[in-house]
Structures are given as C-alpha cells and as structure tokens.
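Participant: kindly generate the corresponding structure for this input.
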Amino acid sequence: MPPFQYTEAQSIDEAVALLSRPGAVAIGGGTDLLPQVKDGVVAADQLIGLAAIPGMAAIAETANGLTVGAAAAIADVAAHPVIRRRYAALAEAAGGLATPQIRNEGTIGGNLNQRPRCWYYRSPLIPCLKKGGDRCYALAGNTRLLCITGGDRCYIVHPSDTAVALSALDARLETAGPNGSRELAMGQFFAGPGLDMLRENVLEPGELITCTLLPNNAPERSVYLKVRERESGDFALVSVAAALSLDGEGAGATIRQARIALGGVSPIPYRATEVEDYLTGRPASDVDPAEAAVLALPNATPLPQNGYKLPMARNTIKRAIAQLLRV
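Facilitator: All right, here's what the predicted structure looks like:
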C-alpha cells in the first residue's frame, strides 16, 4: 500500500476545504477505494474520512420524504423500516449488494461513487482511455461484461446497484463543494464517457455527496431484480429497478407513473423511457409485460461477446413489471 495521510473531517465545511487540496480523496468505508489505491490505479496522498461529521450517517424522515446521509452504511439502508416499506427497490438493491462484510463497511455515498469494474481499467499495467491513455484495450480483448448502449470510445458499465434503484425512485442528491451546495437529479449526477472520459459523475474538485433525498411522491410500488453469475458477492450482469404508481384498485387500476432503470447495460444508470411511455396512462389490466419489455434498448449495439445482455435485460424488465402488477 502506498503511504498516505488520513484525516477525519469534523464538518462538511472542513471536508470541502480538505478535499480541495491536490491529491485528497474522500473515503467512507473504503471497500472500493482502498483496493484501487493499493493497486496504484488511484493516486491518493491524503484520505479524508467523513464518518465523524455529525449527521453524515443519519437516515431521517422529513416533511418531503426521507434523507439518507452519504456515510450511512449499506446494511443500515437495507434494514431501515421506512426504506423497506416505502422504497422497496432501494432496500432490495442494498440488501443484495456484495457480501455482508462489505455491506457493513461500505456506504451509500461510496456506492454511488464507485469506479468501473472493467478489468482493463483496474489493471495498473494498462494505460486505458479512462486513465488518460490513448485506446480502449477491451475492444480487442474480453467484452463480455461491457455495455451494450451509451459507449463512446469507452465501454464501461456503472457498477452501483443503489444508483439504479434511486434512479427509478426519482431520488435526488445533495452535494457540497467550494461553490456551495446544490441538488441534482440522478440523471444529472452521472456522466458517461462522451461527457468526461476520466470520471463517471459531475462532482467538481472538493465537492462531495452529503445526502440522498427520497421524495414522498416516489412511486408506491417498486422492485429491484439483479441477474448475476453467482448468488452473492457478485456484480450485476443486468439489473432492473421498476417503480409504478397506480390510480384505483384491482382490475380497474390505471398506471399513473412508471419509472424503469437498468444497470449493467450502459456507462450510467439507463432509463428505459420507451417502456415507461408504454406503461404510463395504461390500464393495468391491459399491460402485457413482454410487449412492454421488448421496447427497451432500441439503440443497443452489443459488442462481440455481450449480445446476451439484450434479451437478458428485456426478460428482467418483463419479470419486474409482472411482479409489480402481480400478473
């Protein structure tokens, strides 16, 4: 492990000031960051701990919904009774993430800030585009786990489970930085390689997530389904978070709001807007989950070894819709 200095910030203002220094990086549980530092993929002269900041790990109900502090442990998010009752997709995403040990240590802020799992990015010996190099080595190598849409010279997928669930739940992120605080929708926070090759979000130097805001008007029904090679401890090949609001009961119910987000298919959480448009305003009894699902990913362009992801994603969407409508 390369040498570094560790400092525990005592306030958000102090954290912002410390993170504005060259070589300073925020750390929560460190489950993603420390292996990168150890392998030399990320250079960090100073790690800024956030756990001591008052309220940073709190999960609290407000008049507008629920706030989840960026330092809240993934395990606490998964077990929180309000999240399990009102924001089920997030509880399911957090509860199925990695292993119990990682869920106990890892934080939701860290999960949203995860770096790509691409083998070529993670290798300290390969100077890929994501690390300032001149080519994507994956294109001439193993493409099985890469994206099928949204790639722009770099074909990573975003590894965060909670990001997919939060996208479907219409959550927002509150940040603090040298220029003050701001609030971002999930779709505003993430950045694909076409926007910035070297990073996956729009956080500026010295800026950090302070909390996640879950709204009162999030869809009432939600689910998170994750397809992976192993039952635990693995990242998603494809994941789907589906969230629906219905007007009425039983056979006469109509879908008022639909939000469908996918993981494992794009460099950022992917919104299946074609599926959402199909569902919104439609009587629940008229919904054909298979008909809805086939509309997803119309511009998908699979790479040589990951064509399986398109039918896998559509089938998982079908399962999610059917589960929410109890078809």
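
Participant: for residue 212, give the beta-bridge partners.
Facilitator: Beta-bridge partners for residue 212, by DSSP bridges, are residue 68, residue 173.

Participant: contacting residues for residue 317?
Facilitator: 240, 242, 260, 262, 272, 275, 289, 292-293, 296 (C-beta atoms under 8 Å, 6 or more residues apart in numbering). Just so you know, the C-beta spots here come from the backbone N, C-alpha and C atoms, and that holds for glycine as well.

Participant: remind me which residues of the stretch 201-327 of the chain are low pLDDT?
Facilitator: Filtered on pLDDT under 70, the stretch 201-327 of the chain yields the residue ranges 327.

Participant: the longest helix seen in the chain: how far from the chain's middle?
Facilitator: In the chain, taking DSSP state H as the definition, the longest helix is helix 309-325. From the chain centre to the centre of helix 309-325 is a distance of 19 Å (C-alpha atoms, centre = their mean, to the nearest Å).

Participant: residue ranges of the helices in the stretch 101-250 of the chain, please?
Facilitator: 108-112, 119-122, 161-168, 186-189 (DSSP state H, counting those that start in this stretch).

Participant: buried set for the third one?
Facilitator: Translated: helix 161-168. 161-168 (16 or more other C-beta atoms under 10 Å).

Participant: just stretch 251-266 next, same as before
Facilitator: Buried residues in stretch 251-266 (16+ other C-beta under 10 Å): 255, 257-266.

Participant: check stretch 240-254 too.
Facilitator: Buried residues in stretch 240-254, counting neighbours by 16+ other C-beta under 10 Å, are found at 240-246.

Participant: and stretch 94-111, by the same measure?
Facilitator: 94-98, 102-103, 105-111.

Participant: return the residues in contact with residue 79.
Facilitator: Residue 79 neighbours (C-beta under 8 Å, 6+ apart): 91, 95.

Participant: hey, what's residue 261 bridged with?
Facilitator: With DSSP bridges as the rule, residue 261 is bridged to residue 241, residue 271.

Participant: where do the strands of the stretch 1-150 of the chain begin and end?
Facilitator: 5-8, 24-27, 46-49, 59-62, 65-69 (DSSP state E, counting those that start in this stretch).

Participant: check which helices and strands the third one sits against.
Facilitator: Taking 3 or more C-beta pairs under 8 Å, 6 or more residues apart in numbering; DSSP states H and E as contact, the helices and strands that strand 46-49 lies on are strand 5-8, helix 12-19, strand 24-27.

Participant: average pLDDT for the longest one?
Facilitator: Translated: helix 12-19. For helix 12-19, mean pLDDT is 98.

Participant: where's residue 314 relative to residue 272, distance?
Facilitator: Distance, residue 314 to residue 272, by C-beta to C-beta, to the nearest Å: 9 Å.

Participant: neighbour-wise, which of these two wins?
Facilitator: Set residue 314 next to residue 272 and count neighbours by other C-beta atoms under 10 Å: residue 272 wins out with 27 against 23.

Participant: that one contacts residue 263, doesn't it?
Facilitator: No - contact status for residue 272 versus residue 263: not in contact, 11.5 Å apart, counting by C-beta atoms under 8 Å.

Participant: in the stretch 151-300 of the chain, which spans are strands?
Facilitator: 172-177, 180-185, 208-215, 221-227, 238-247, 254-263, 270-271.

Participant: related to what we said a few turns ago, closest to residue 68 out of the buried residues of stretch 94-111?
Facilitator: Residue 68 has its nearest neighbour among the buried residues of stretch 94-111 in residue 108, at 5.8 Å by C-beta to C-beta.

Participant: with adjacent residues omitted, what lies nearest to the spatially most central residue of the chain?
Facilitator: Taking C-alpha atoms, centre = their mean, the centroid of the chain lies closest to residue 163, which sits 2.1 Å from it. Counting by C-beta to C-beta, 6 or more residues apart in numbering, residue 163 lies nearest to residue 269, which is 4.9 Å off, once chain neighbours are set aside.
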